[in-house]
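Chemist: Mind folding the following:
(chains A and B, ligands or ions: 2)
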Amino acid sequence: MHPPTVDNQSIYAPRSCRLLAVSKLTPQEKLFRLRLEDGRELNHQPGQFVQVSIPGLTEAPISIASSPTCKGYFELGVRKAGLLTGALHQLQPGAQIGIRGPFGRPFQLEALLGKQLLLLAGGCGLAPLRSLIQYCQKQSSAYSAVQILYGARSPQDLLFKDDLEDWQLSTNFNCRYTVDQAPASSCYDGETGLLTRLLADVQVEADNCCAVLVGPPPMYQPVISALHRMGLNGPQQIMLSLERQMRCGVGKCGHCTIDHLYCCSDGPIFWLEEVEHLRGAL
Amino acid sequence: MLKQLNRADLDLLLTQISDEYRLQVPQLLADGTRQLAGYTGEAELSLTGEVLQRKPSAFFFPQTQRLLDIDTAGAVAVPQPAEKPLALFGLNQADLAGIRFLDRFFRAAPADDAYLRQRNGALLIGLTGMAGPDNCFLSLSAGDCDIELVAVKESWLALGHSSDGEKLLQNFPEGDKTQLVRMRHLNEGTAAESDLLQQASQLLIEDRVPDQFWMEIADRCILCSGCNLVCPTCSCFCVQDRNRGEITERSRVWDSCQLDAFMREASGHNPLGTDALRTRRRIHHKLAADVERWGEFGCVACGRCDRTCPTGIGMMAVAEEMVKCFGPGKP
Ligand SMILES: Cc1cc2nc3c(=O)[nH]c(=O)nc-3n(C[C@H](O)[C@H](O)[C@H](O)COP(=O)(O)OP(=O)(O)OC[C@H]3O[C@@H](n4cnc5c(N)ncnc54)[C@H](O)[C@@H]3O)c2cc1C
Ligand code: FES
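Modeler: Ligands and ions are numbered 1, 2, ... in the order given. Predicted coordinates:
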């Protein structure tokens, strides 16, 4: 064994990162702020992900939750879902972990320029979308309007509550969120119902609108149908992020295939028309 | 370049190769099967017979392959390539096509260093012509090897398909062109398997195979994953860590799309959540998805899955059934 050199690189070699800060988002989710140990920027684009490596537990794909316009660090919002994510939740600032990436096809930013944007997130999907929202915030004049709609299961599952408040106060955005159900015991007084309910009273100029969807699989069909009813029927009007099991992130392990596509490298961001005819894609 | 080797020449060639390469040659095992094993110059070579039991591509993409080591400070070390590259002798046309398929897959950007550490510099020596069971004819290669030995009566026509191959052959006597022409004639009659795959592929691409078909095939599957493990173009893997004191060894291990956990996500969502979907995936991926992606079938018709499957639903068997049920002339 010997260290990777310029002519002996490995696509599987994680780069060392330092954990700068950890904050609790919900009982299940934490936000991790990280910096590459070599001092370089991650140089990602919104919508991309990294493979987080913890020796002994292999790797897990995690979307980058911060915009590339944030310098000196990047952030990951992680749900405790199993072994690796559980171990990550135990870590304290100062800890060292590995990452590979950034990987994947990002949100197609150029196609969004000058458009009315409908940014739709369900559950954990707000993490990658946050990267795009922060990015839009930095160059708000590039879009004719930005509407953010977010749905979570319950009030305690709402991610990035501070950000949601900021976005609601921002003149650049129109931001609304909803929860499927609020228990009577909670002091939540916001909107309830599914994400599609929020869509019901959204007004857009259909021809000049582009929707971006990131959420769990059951969210897609109902939301896509609603968008179609609103008149978003053209090409390059609906962009979505697909999730698959990913082991390598670079198109080799085969776990993420969707027909002839590799979700990790041809995606995870796709135009609807690229995948809707592929069996099992949505 | 065309040369002709008698048995003594062949031994000389192999000895020369073994000076510079880790040469693997076909040998007969006690149970009558054939396997590649390290060349010693002593063990008897098996120069004709059935397809090699194990896929030769496993030398480049083995069942378990170390990717790297990580120490407690996060420093990474990658394995060193072996001093001598591999040389594989005795590969038939399908074996070579399988390696070519994997080469393109693993070389596609970003190139897979773990595969290339084994593959780069390796020498491939095809064995075709009258080298099948009872000296029956084996299809000629597509030139995707360094040297091709075409077995003819009591000797081998030797073709150098690469500069390394030509160099190794240069001192051997010229070959008989008329014998090569005869072999090429024989080769023209060997397209039956690919015709069947072509028809099956077309049915899949046109979406003319109903779900009921896959449910019936899936009912016969015993989920052993043998079809994947013996397939020379299957490249799916999972990753495994092993802690040894201060060092974590990270390896990849063959995986199978026929297993329920293959695509199951942490959320529980599973795009391949039924036996029928997984069975369909096994065939569809090779005959339709690979055609779309790489312009070529992912099946090289080596026959290993059909020989291995205990319930008779290997690739050729399924393709045949598909064509019988839905092929030309069927409603
Ligand atoms: C592109 C992409 C981006 C992502 N971004 C994010 C993100 O920003 N934030 C985030 O939190 N997550 C994200 N995920 C999901 C995240 O990758 C998974 O939650 C993570 O891989 C889980 O890893 P783990 O080791 O913690 O869980 P594992 O230990 O692998 O287990 C996960 C859970 O699944 C169950 N499980 C595992 N295998 C099986 C099986 N065979 N059968 C039944 N159940 C099983 C286990 O019980 C466990 O609860 C993303 C995924 C992708 C593909
Ligand atoms: S994650 Fe390995 S191929 Fe996509």
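Chemist: For the stretch 1-150 of chain B, which segments count as helices?
Modeler: Assigned by DSSP state H, counting those that start in this stretch, the stretch 1-150 of chain B shows helices spanning B:7-20, B:93-107, B:113-119.
Chemist: which outside residues touch the last one?
Modeler: Helix B:113-119 is contacted by residues A:8-12, B:59-62, B:65-67, B:78-79, B:81-82, B:86, B:102-103, B:106-107, B:252 when judged by C-beta atoms under 8 Å, 6 or more residues apart in numbering or on different chains. C-beta: built from backbone N, CA, C; applies to glycine.
Chemist: Surely A:Asn208 and A:Gln116 touch.
Modeler: Yes - if you go by C-beta atoms under 8 Å, A:Asn208 and A:Gln116 touch, sitting 5.6 Å apart.
Chemist: Spell out which residues are contacts of both of those two.
Modeler: Contact criterion C-beta under 8 Å, 6+ apart; residues shared by A:Asn208 and A:Gln116: A:Ser144.
Chemist: more neighbours, those two?
Modeler: A:Gln116 (19 against 12; other C-beta atoms under 10 Å in any protein chain shown).
Chemist: From A:Cys210, how far out is that one?
Modeler: 7 Å (C-beta to C-beta, to the nearest Å).
Chemist: Then B:Asn171?
Modeler: Counting by C-beta to C-beta - B:Asn171 and A:Cys210 are separated by 68 Å.
Chemist: So how do I select the buried members of the contacts of helix B:113-119 in PyMOL?
Modeler: In PyMOL, a selection of the buried entries from those looks like this (16 or more other C-beta atoms under 10 Å in any protein chain shown):
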select buried, (chain A and resi 10+11+12) or (chain B and resi 59+60+61+62+65+66+67+78+79+86+102+103+106+252)
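Chemist: what residues are up against A:Ala60?
Modeler: Here A:Ala60 is in contact with A:51-52, A:82, A:84-85, B:266 (C-beta under 8 Å, 6+ apart).
Chemist: So which residues on the stretch 201-331 of chain B come close to chain A?
Modeler: By C-beta under 8 Å from any C-beta of the partner chain, the residues of the stretch 201-331 of chain B that approach chain A are B:235-241, B:243, B:248, B:250, B:252, B:255, B:257, B:262-267, B:269, B:271-272, B:277, B:285, B:288-290, B:292-293.
Chemist: Next step: the residues you listed restricted to strands.
Modeler: B:237-241, B:243, B:248, B:250, B:252 (DSSP state E).
Chemist: and those residues, which two are the farthest apart?
Modeler: Greatest spacing in those, by C-beta to C-beta: B:Phe237 and B:Asn243 (19.9 Å).
Chemist: before we move on, back to that, neighbour-wise, which one of the contacts of A:Ala60 leads?
Modeler: Counting neighbours by other C-beta under 10 Å, A:Val52 comes out on top of these with 26 neighbours.
Chemist: which residues pair with that residue across the strands?
Modeler: A:Ala60, A:Ile99 (DSSP bridges).
Chemist: For it, give me its contacts.
Modeler: Taking C-beta under 8 Å, 6+ apart, one finds A:59-62, A:76, A:78, A:84, A:88, A:97-99 in contact with A:Val52.
Chemist: Assess the claim that A:Pro183 and A:Asp157 are in contact.
Modeler: No - using C-beta under 8 Å, A:Pro183 is not in contact with A:Asp157; the gap is 11.6 Å.
Chemist: The lowest-mean-pLDDT helix or strand in chain B: which residues count as buried?
Modeler: Across the helices and strands of chain B, mean confidence by mean pLDDT, DSSP states H and E is lowest for helix B:192-205: a mean of 90. Going by neighbour count (16+ other C-beta under 10 Å), the buried part of helix B:192-205 is B:193, B:196-197, B:199-204.
Chemist: between that helix and helix B:93-107, how many degrees?
Modeler: Here the directions of helix B:192-205 and helix B:93-107 differ by 40 degrees (axes from the mean of the first three to the mean of the last three C-alpha atoms, to 10 degrees).
Chemist: Identify the residues contacting helix B:192-205?
Modeler: For helix B:192-205, contacts defined as C-beta under 8 Å, 6+ apart pick out B:209, B:283-284, B:287-288, B:291, B:297, B:299, B:301, B:315-316, B:318-320, B:322-323, B:326-328.
Chemist: Could you do stretch B:266-274 as well?
Modeler: Contacts with stretch B:266-274, where a contact means C-beta under 8 Å, 6+ apart, come from A:60, A:81-82, A:85, A:216-217, A:243-244, A:258, A:280, B:218, B:257, B:260, B:262-264, B:277-278, B:281.
Chemist: Please pick the buried ones from these.
Modeler: Using 16+ other C-beta under 10 Å as the burial test, the contacts of stretch B:266-274 include A:60, A:81, A:85, A:216-217, A:243-244, A:258, A:280, B:218, B:257, B:262-264, B:277-278, B:281 as buried.
Chemist: who touches the closest residue in space to A:Cys210 that isn't next to it in sequence in this structure?
Modeler: Sequence neighbours aside, A:Lys115 is the residue nearest to A:Cys210 in space, at 4.5 Å (criterion: C-beta to C-beta, 6 or more residues apart in numbering or on different chains). Residues near A:Lys115 by C-beta under 8 Å, 6+ apart: A:143-144, A:208-210.
Chemist: tally of neighbours for B:Asp275?
Modeler: Residues lying near B:Asp275 (other C-beta under 10 Å) number 18.
Chemist: Can you give me the distance of it to ligand 1?
Modeler: Using C-beta to the nearest ligand atom, to the nearest Å, B:Asp275 is found at 15 Å from ligand 1.
Chemist: List the residues that contact that residue.
Modeler: The contact partners of B:Asp275, by C-beta under 8 Å, 6+ apart, come to B:215, B:218-219, B:221, B:223.
Chemist: From the contacts of A:Ala60, which shows the smallest pLDDT?
Modeler: Scanning the contacts of A:Ala60 for pLDDT, the low point is B:Ala266. It has 88.
Chemist: can you tell me how far that one sits from ligand 1?
Modeler: 3 Å.
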